[in-house]
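would you be able to build a 3D model of this:
(one chain, ligands or ions: 1)
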Amino acid sequence: MRRNDEMKLGLFLAQAGYNEGAWRDPSVPANGGVDIDHYARLVAIAEQAAFHFVFLPDSPSVVEKDHASIARVSRNDGFEPITLLSALSARTQYIGLVATATTTYHEPYHLARMFASLDHLSRGRAAWNIVTSGNKFEAPNFGAKELPDHDVRYDRAREFVQVVKGLWDSWEDDAFTRDKESGIFADTSKLHLLNHRGDYFSVRGPLNVARPAQGYPVLVQAGASDAGIRFGAELAEVVFTAEPSLENGRRYYATLKEKARALGREDDQVAVMPGIVPIVGTTTQEAHEKLQKLESYTHIDVQIDTADRWLGAVTDLRSMNLDSLVPESLPQTNLIQSRQKVLLDLAVRQKFTWRQLISLVSSCRGHLMVLGTPDEIANKMVDFFDQRAADGFNVIPAMVPSGLKDFVDLVVPELRRRGKFRSRYFGQTLRENLGLKRPFNQFMHASVSSHPSSDNFGARE
Ligand SMILES: Cc1cc2nc3c(=O)[nH]c(=O)nc-3n(C[C@H](O)[C@H](O)[C@H](O)COP(=O)(O)O)c2cc1C
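Got it, this is the predicted structure:
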């Protein structure tokens with residue numbers, strides 16, 4: 001993507017909104033999580049505003065520790081993302097569709113097939129948010145007691161993506177000739193078996209679906225630990241971050257681009273998109289009142305549980321004096337290391353008590369939260385963009401639909417007035433809209449020729 005003067009915008013969508021208590025607001029449909037019309041309405045708002053994509057986070061598990069919290073959150077009543085985006089692909093035309101899927105608890109063949117299908121269904125608008133699982137409650141859903149170690153998860157993820165790409169390349173773009181006259185459906189000289197054997201996977205291939213419309217769906221990643229940045233620099237085309245500090249954001253941006261450059265990648269082929277939780281008011285005071293109202297919806301048990309998780313589950317917050325200061329360090333987590341660091345950094349800089357930190361985590365989980373007028377919010381975004389802490393933003397409404405509508409109706413026009421955001425789509429595929437190149441088929445220039453009747457032909461090893 002040429003880094004022109006325009007930012008990229010994605011919509012980060014949670015059932016009721018990002019704020020834990022949002023589902024209780026009278027304006028929010030409490031059954032939205034399992035109502036396709038609710039999602040279709042929200043995505044239509046984003047598409048009309050020419051957002052680049054809608055993003056669905058996911059974890060194949062509940063994330064709460066106990067019934068007291070489970071009873072009070074809305075997130076355990078929602079769709080699996082690839083399924084939901086497949087339905088939404090039929091109700092949208094241009095907006096990109098980013099689904100989260102973990103490499104720790106899937107098999108590459110399954111995911112390669114599902115994302116290839118989503119890419120065809122949407123005529124080239126699919127993207128995969130590659131996550132390694134940072135939620136310990138996923139493990140017992142898949143026969144394990146604990147998550148694998150942090151770095152092992154990334155190792156597996158690296159091999160996983162390599163296999164998925166190989167499967168997407170099973171067929172050259174024009175392999176399916178579908179010639180009724182001759183009766184030949186597929187040109188098998190353009191078929192490539194993967195025959196992958198690695199540390200974690202053994203996969204023969206080929207995939208039983210044509211190469212995705214975009215070659216590969218867009219690859220998204222959000223790890224920000226050392227291992228996460230390395231992984232992102234290697235293969236991510238969009239990188240999500242949670243970073244409220246401009247200074248740290250600039251540092252992260254420079255590090256990631258530098259590492260990607262060192263691996264021979266072009267700067268404009270990887271976009272850094274921090275999350276922003278905008279709370280829009282006609283005055284700053286009104287924005288603060290909106291947040292206070294939202295906060296009043298969330299029970300302290302839920303707030304503590306959420307904070308405990310995002311701090312990496314290394315403390316027992318229930319036994320803390322909540323009015324004491326947050327310490328400068330905590331034991332390193334095996335869960336989401338970067339978020340633990342971001343939150344601690346924020347708490348120490350702002351001299352937060354546990355109570356203040358817990359409340360902040362419940363509202364924005366460490367993302368940049370901006371409370372203010374449309375003008376103030378647009379200025380903050382432009383600042384991050386111009387100072388190279390962001391190529392765009394993942395917009396995370398605290399509550400939907402109202403928070404999304406406020407952003408689209410009031411902040412987007414301010415961004416346009418400043419020449420920072422477009423008013424229509426220019427391409428059909430998500431790659432075209434993000435300015436990303438379409439990847440070559442890795443087998444087309446391979447030295448080994450392929451032969452339809454041999455398992456070994458076209459193999460990489
Ligand atoms: C905006 C954003 C969205 C994320 N969405 C998910 C998600 O849906 N599911 C998930 O398991 N992890 C999600 N994560 C976590 C990251 O994918 C990553 O696993 C995590 O940051 C741990 O990696 P790290 O220790 O390298 O930072 C998200 C992170 C960010 C910043």
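
what residue in this structure comes nearest to the ligand?
Gly228 (2.4 Å; C-beta to the nearest ligand atom). The C-beta positions use only the backbone N, C-alpha and C, and glycine is treated the same way.

got a list of what that residue touches?
Shown in contact with Gly228 (C-beta atoms under 8 Å, 6 or more residues apart in numbering): Tyr154, Gln221, Ala222, Gln337, Ser338.

doesn't it lie inside a strand?
No - residue state for Gly228 (DSSP: H, G, I helix; E, B strand; the rest coil) corresponds to helix; a strand is not indicated.

could you say which helix or strand holds Ser362?
For Ser362, the host element (DSSP states H and E) is helix 354-364.

what's next to that helix, contact-wise?
So helix 354-364 is contacted by 18-21, 244, 277, 291, 294-295, 298, 300, 302-304, 306-307, 310-311, 317, 320-326, 343, 346-347, 350, 352, 366, 369, 396, 398 (C-beta under 8 Å, 6+ apart).

stretch 166-185 too?
Contacts of stretch 166-185 (C-beta under 8 Å, 6+ apart): 108-109, 112-113, 116, 186-188, 190-194, 196, 203, 205-207, 210-212, 215-216, 441-444, 460.

ends of that stretch, how far apart?
22 Å (C-alpha to C-alpha, to the nearest Å).

okay, buried residues for it please.
Across stretch 166-185, burial judged by 16 or more other C-beta atoms under 10 Å covers Gly166, Leu167, Trp168, Asp169, Ser170, Trp171, Glu172, Asp173, Ala175, Phe176.

how much space separates the first one from Gly205?
Looking back up the chat, that one is Gly166. To Gly205, Gly166 is 7 Å away according to C-beta to C-beta, to the nearest Å.

now for those two: what residues contact both?
Taking C-beta under 8 Å, 6+ apart as the contact rule, Gly166 and Gly205 both touch Leu194, His196.

I'd guessed Ala14 sits against Ser59; true?
No - between Ala14 and Ser59 there is no contact under C-beta atoms under 8 Å: 11.9 Å.

so for the two, which sits in the more crowded spot?
Set side by side, Ala14 and Ser59 show more neighbours around Ala14, with 22 against 17, by other C-beta atoms under 10 Å.

ok, that one - contacts?
Contacts of Ala14 by C-beta under 8 Å, 6+ apart are Pro57, Arg75, Ile396, Val400.

among those, name the ones in strands.
Among those, no member falls in strands (DSSP state E).

the residue most central in space within the chain bridge partners, please.
Nearest residue to the geometric centre of the chain (C-alpha atoms, centre = their mean): Asn129, 4.6 Å. The partner list for Asn129 in beta bridges (DSSP bridges) reads Thr100, Val220.

tell me the pLDDT at it?
Here, the pLDDT recorded for Asn129 equals 98.

what about Ala161, neighbour count?
Small correction: residue 161 is Val, not Ala. 23.

before we move on, what about the one 4 residues further on?
Burial of Lys165 is recorded as 19 neighbouring residues (other C-beta under 10 Å).

not counting sequence-adjacent ones, nearest residue to it?
Tyr216 (6.1 Å; C-beta to C-beta, 6 or more residues apart in numbering).

sweet, I'm off.
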